[in-house]
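# Provided below for reference: sequence and predicted model.
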Amino acid sequence: MNTKDENYKALNFIEAIIEDDLQEEKNEKRVHTRFPPEPNGYLHIGHAKSICLNFGLAKKYNGMCNLRFDDTNPTKEEEEFVDSIVEDVKWLGFDWEGRLFYASDYFDQLYKWAEKLIINGKAFVDDQSAEVIGDQRGTVTTPGTESPFYNRSVEENLNLFRRMKAGEFPDGSKVLRAKIDTTSPNMLLRDPVLYRILHASHHNTGDKWCIYPMYDFAHGQSDYIEGITHSICTLEFEVHRPLYDWFLDNLIETKYRPQQIEFARLNLSYTIMSKRKLMELVEGGFVNGWDDPRLPTISGLRRRGYTPESIRYFADKIGVARRDNMIDVALLEHSVKDDLNKKTLRVMAVLNPLRVVITNYPEGKVEEMELVNNPEDETMGSRKVPFTREIFIEKDDFMEDPPKKFFRLAPGAEVRLKGAYFIKCEEVVKDETTGEVIEVKCTYDPETKSGGPQSNRKVKGTLHWVSAQHGLKAEVRLYDRLFLDEDPLGHPDKDFQEFINPGSLKTVTGLIEPSLRNVKPFEKFQFIRLGYFCVDPDSKEDKLVFNRTVPLRDSWAKISGKGR
RNA sequence: UGUCCGAUGGUGUAACUGGCAACACGUCUGAUUUUGGUUCAGAAGAGUCCAGGUUCGAGCCCUGGUCGGACAACCA
């Protein structure tokens, strides 16, 4: 059986459909997909799943993938959003090869199709208000009823529709509706609205139109126009499929049809994916903009320090299916750590400094220690880090009265300073009033210098450190999950904002080794023993700013119970 | 009280025309380690929503339930 084959990779259900289609030589064996966002917000990791899917399928089957903006509602859409979407898709590493389209590119054709429907007696102009039409539509368990304007003549409908287009009527006074079936169990088939009057200027077509097609009247036809073979979308559009089919069947004679396939959208634990809710967080000032590193937006993840590779890897790992899912955010975090582990320079930074004075080390002496940049990759070389009599270590790396399994600095204990010497704690200096440890006096063993005769001696722990004299101050933003609840939207009785984690952002001033003096925004590092960090765009030469992408696995935190 | 869709370890996905339920994340052990990271070795954890049926044999097919989701915007 092939399942046992080394190279066998199970097909997801969409790939299975495509391979069947290919086998049957459907659409001359073309595979053409598209990613069709509405430019009314920023893209998030859920969109990334769709982008990776659509572009990934095209690549896998030597096909094409278009980027198309479904921009049929000028009151909600903005140029700013199309720009950010274009940037995000590009950043993720995908190329639409010049096929960037807009549903608004097809407004003329769509209009002609609407007239065709009228002429064929399949559409009519309705003068009723949205409210009345809604009431007439019935409910999911009771059928709707026909509009009193249902039987207007073709001539009257055509005349009215043309006058709608000419701008003779105010917003909301008339709509064009299809005549399908007001009693259909599928609500979307109960004489849906095709065109509405909107005296609004469009980001693309300006003031050319004052009537705009509904998404449903534009989407399927746009796919048809572009020659899309597999229209991949999320589950909630499943009920729209019969409607798209109805439009095409009533408008198009050829047998070619885009085939819609629905998959379950991504849900990620401890965050939210709803564009509207995300907008609330941004506009309510709960976060600092669409690219806040706590948000699951692509721009937020980018600023947080995620790489396109890690997101694509993640998209691949979560798979595609039709059942509801809630992906553990740990998988996303694993995806970046795995990527960054291979790529990033290891550097030393102390986030919560404790002064250490090495009493037997000559005052004023500076030694340049050679540190390996990445033990995973020797080709990344090494760098020099200055060592002096006074250094800083992490406060958590010292305990005056340590438990058994504490392998770090404590009175009388000896530890290794990464890339430097072994030091032994001889004395603890405390603040007289608070009793807080403010300094530790140590002695070092000159024989234990890295590479030296005694450097292979066994010690319990290795600490990172920064020279007090050379350390650079840096603002470090420590991010944690934005919500305390795994599924903030999963509580019908509670507002999701109640679950916002008040500690989702902690800003500290740390000290970093001097080799980081000239870093540029988006450069990524591993701060040894702490985590992966990324230079924030706010960072300036005289004020470095780092974002913590994700902490390293911390088994001590688990043992000591200090974990999340 | 409608129509459609779905249900496999804690999470996600797989098991091809029925043939010993697999992989990843997570969890736990141990080894290695100049990062309590990485890596390596191993373990625990589901008998596939329930009840019937077909079959030598059902996660997969059939019937009936249960539970979950989607659908009633001049939003997409």
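Looks like it came in fine.

# Tell me where the stretch 201-350 of chain A has helices.
A:215-226, A:241-251, A:275-283, A:298-304, A:308-318, A:329-343 (DSSP state H, counting those that start in this stretch).

# So for residue A:518, which of these sits nearest?
Closest approach to residue A:518 among these is made by helix A:329-343 (19.1 Å; CB to CB). Where C-beta positions appear, they are placed from N, C-alpha and C, glycine not excepted.

# tell me which strands and helices the closest one is in contact with?
When contacts are defined as 3 or more CB pairs under 8 Å, 6 or more residues apart in numbering; DSSP states H and E, helix A:329-343 sits against helix A:308-318, strand A:524-527, strand A:531-535, strand A:544-551.

# any weak-confidence spans in the stretch 351-500 of chain A?
Within the stretch 351-500 of chain A, not a single segment meets pLDDT under 70.

# what does it have sitting close to RNA strand B?
Within the stretch 351-500 of chain A, the positions lying close to RNA strand B (CB under 7 Å from any atom of the strand) are A:374-376, A:405-408, A:416, A:418-419, A:449-451, A:455-456, A:461-464.

# Make sure residue A:158 is actually in contact with residue A:116.
No: Residue A:158 lies out of contact with residue A:116 (CB atoms under 8 Å); the separation is 10.6 Å.

# ok, back up a step: could the helices of the stretch 201-350 of chain A be laid out in CSV, adding mean pLDDT and mean neighbour count?
Formatted as CSV, those follow (pLDDT from 0 to 100; neighbours: other CB atoms under 10 Å):
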stretch, mean pLDDT, mean neighbour count
helix A:215-226, 98, 23
helix A:241-251, 96, 18
helix A:275-283, 94, 16
helix A:298-304, 98, 24
helix A:308-318, 97, 20
helix A:329-343, 97, 18
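
# after the helix or strand where residue A:124 lies, next one along is what?
Here residue A:124 sits within strand A:123-126, counting by DSSP states H and E. Once strand A:123-126 ends, the next helix or strand along the chain (criterion: DSSP H and E) is helix A:130-136.

# what about that following helix, near RNA strand B?
Yes: Helix A:130-136 reaches RNA strand B (CB under 7 Å from any atom of the strand) through A:130, A:133, A:134.

# Please tabulate those residues in a markdown table, including the columns neighbour count and pLDDT.
Listed next are the residues of helix A:130-136 next to RNA strand B as a markdown table, based on neighbours: other CB atoms under 10 Å; pLDDT from 0 to 100:
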| residue | neighbour count | pLDDT |
| --- | --- | --- |
| A:130 | 11 | 97 |
| A:133 | 18 | 97 |
| A:134 | 11 | 96 |
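
# with the residues you listed in mind, which one is nearest to RNA strand B?
For these, the minimum distance to RNA strand B (CB to the nearest atom of the strand) is 3.3 Å, reached by residue A:130.

# Need the nearest residue in space to that closest one, chain neighbours excluded.
Distances taken as CB to CB, 6 or more residues apart in numbering place residue A:172 nearest to residue A:130, at 6.8 Å, with adjacent residues excluded.

# For that neighbour, what are phi and psi?
Main-chain dihedrals, residue A:172, degrees, to the nearest 10: phi 80, psi 0.

# just residue A:51 next, same as before
When read as degrees, to the nearest 10, the backbone of residue A:51 gives phi -60, psi -50.

# circling back: can you lay out the helices and strands packed on helix A:329-343 as CSV showing distance to residue A:330?
Compiled in CSV, the helices and strands packed on helix A:329-343 are given as follows (distance: least, CB to CB, whole Å):
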stretch, distance to residue A:330
helix A:308-318, 11
strand A:524-527, 19
strand A:531-535, 15
strand A:544-551, 10
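
# of these, which approaches residue A:39 most closely?
From the helices and strands packed on helix A:329-343, taking CB to CB, the stretch that ends up closest is helix A:308-318, at 20.8 Å.

# ok so, going back, neighbour-wise, which of residue A:158 and residue A:116 wins?
residue A:158 (16 against 13; other CB atoms under 10 Å).

# Doesn't that one lie inside a helix?
Yes: using DSSP: H, G, I helix; E, B strand; the rest coil, the assignment for residue A:158 is a helix.

# check contacts around it.
A:115, A:118, A:119 (CB atoms under 8 Å, 6 or more residues apart in numbering).

# Closest one to RNA strand B out of these, please.
Distances from RNA strand B to the contacts of residue A:158, taken by CB to the nearest atom of the strand, are shortest for residue A:118, at 16.9 Å.

# residues near that closest one, how many?
Residue A:118 sits with 26 neighbouring residues when counted by other CB under 10 Å.

# Check residue A:9 too.
Using other CB under 10 Å, residue A:9 has 7 other residues around it.

# From residue A:316, how far out is it?
Distance, residue A:9 to residue A:316, by CB to CB, to the nearest Å: 10 Å.

# Enumerate the residues of the stretch 151-300 of chain A near RNA strand B.
Within the stretch 151-300 of chain A, the positions near RNA strand B by CB under 7 Å from any atom of the strand are A:171-175, A:185-188, A:192-193, A:196-197, A:212, A:214-216, A:219, A:235-240, A:264.

# quick one on the thing from earlier: please name the strands paired to the strand holding residue A:124 in the sheet, noting orientation.
Sheet pairing for strand A:123-126, assigned by DSSP bridges, gives strand A:175-178 (antiparallel).

# which strands and helices sit next to the helix or strand following the partner strand?
Downstream of strand A:175-178, the next assigned helix or strand under DSSP H and E is strand A:193-197. Packing partners of strand A:193-197 (3+ CB pairs under 8 Å, 6+ apart): helix A:107-119, helix A:154-165, strand A:175-178, strand A:211-213, helix A:215-226.

# Show me what counts as buried in the first one.
By that I understand helix A:107-119. For helix A:107-119, a neighbour-count test (16 or more other CB atoms under 10 Å) marks A:107, A:110, A:111, A:113, A:114, A:115, A:117, A:118 as buried.

# nearest residue to the third one other than its sequence neighbours?
For residue A:111, the nearest residue in space outside its immediate sequence neighbours is residue A:165; the separation is 7.1 Å by CB to CB, 6+ apart.

# That neighbour: neighbouring residues, count only.
18.

# what does residue A:189 give?
Residues contacting residue A:189 under the criterion other CB under 10 Å number 19.

# Got phi/psi on the residue nearest to it when sequence neighbours are not counted?
Nearest-residue entry for residue A:189: residue A:180, 4.7 Å, with adjacent residues in sequence omitted and distances by CB to CB, 6+ apart. Here is the backbone geometry of residue A:180 (degrees, to the nearest 10): phi -110, psi -80.

# Let me see the ranges of the strands in the stretch 351-500 of chain A.
All strands of the stretch 351-500 of chain A, identified by DSSP state E, counting those that start in this stretch, fall at A:353-358, A:367-372, A:382-387, A:390-394, A:414-417, A:422-430, A:437-445, A:462-463, A:466-467, A:472-479.

# Thanks a lot, catch you later.
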